[in-house]
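In: could you look at this predicted model? Sequence included:
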Amino acid sequence: MSEQPLSEYIVVYITVSGEEEAAGLARALVESKLAACANIISSVRSIYSWQGNVEDDKELLMIIKTQRHLFDRLAAKVREIHSYDVPEIIALPIIAGSPDYLKWLHESTD
């Protein structure tokens, strides 16, 4: 079993404008042990409201696996690096998971 209650693990969604930004952000989060893993999903279409307009853009979606207590530090690091004025940084709880994977997640983050 993992070393922490299941409720202490989260996934964080972040959207970015391009592959280079996603890779740089993913590497920074994993190297700093703020994340155990970052998946980069290319070519998502985002339709959203921004500054009074409805925008329709291609973005990349990042899915970050981490621990809940690291969220504030992770979000600060994302804001430091991210190119958007208001980056999407949202966390969702992990409600179930493989004990071996959660143990690895725990050991791979600070």
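Out: Yes, it's here.
In: Provide the contact partners of stretch 64-77 at residue level.
Out: Identification of contacts with stretch 64-77 by Cβ atoms under 8 Å, 6 or more residues apart in numbering yields 4, 7-14, 26, 28-29, 32, 34-39, 89, 91, 93-94, 105-106, 109-110. In this view, the C-beta of every residue, glycine as well, is placed from N, C-alpha and C.
In: so which of these are in helices?
Out: Taking DSSP state H as the definition of helices, the contacts of stretch 64-77 contribute 26, 28, 29, 105, 106.
In: how near is the first one to residue 37?
Out: In other words, residue 26. The gap separating residue 26 from residue 37 is 9 Å, by Cβ to Cβ, to the nearest Å.
In: for the third one, same thing?
Out: Separation of residue 29 from residue 37 (Cβ to Cβ) stands at 9 Å.
In: and the two? which has more neighbours close in?
Out: Between residue 29 and residue 37, counting by other Cβ atoms under 10 Å, residue 29 is the more crowded of the two (26 against 17).
In: give me the nearest residue to that one, chain neighbours excluded.
Out: In this structure, residue 29 finds its nearest non-sequential neighbour in residue 35, 4.0 Å apart by Cβ to Cβ, 6 or more residues apart in numbering.
In: drop anything exposed from the ones in helices among the contacts of stretch 64-77.
Out: With neighbours counted by 16 or more other Cβ atoms under 10 Å, the ones in helices among the contacts of stretch 64-77 contain buried members at 26, 28, 29, 105.
In: and the furthest pair within these?
Out: 28 and 105 (17.9 Å; Cβ to Cβ).
In: now do the strands in this structure.
Out: 9-16, 37-50, 53-67, 90-93 (DSSP state E).
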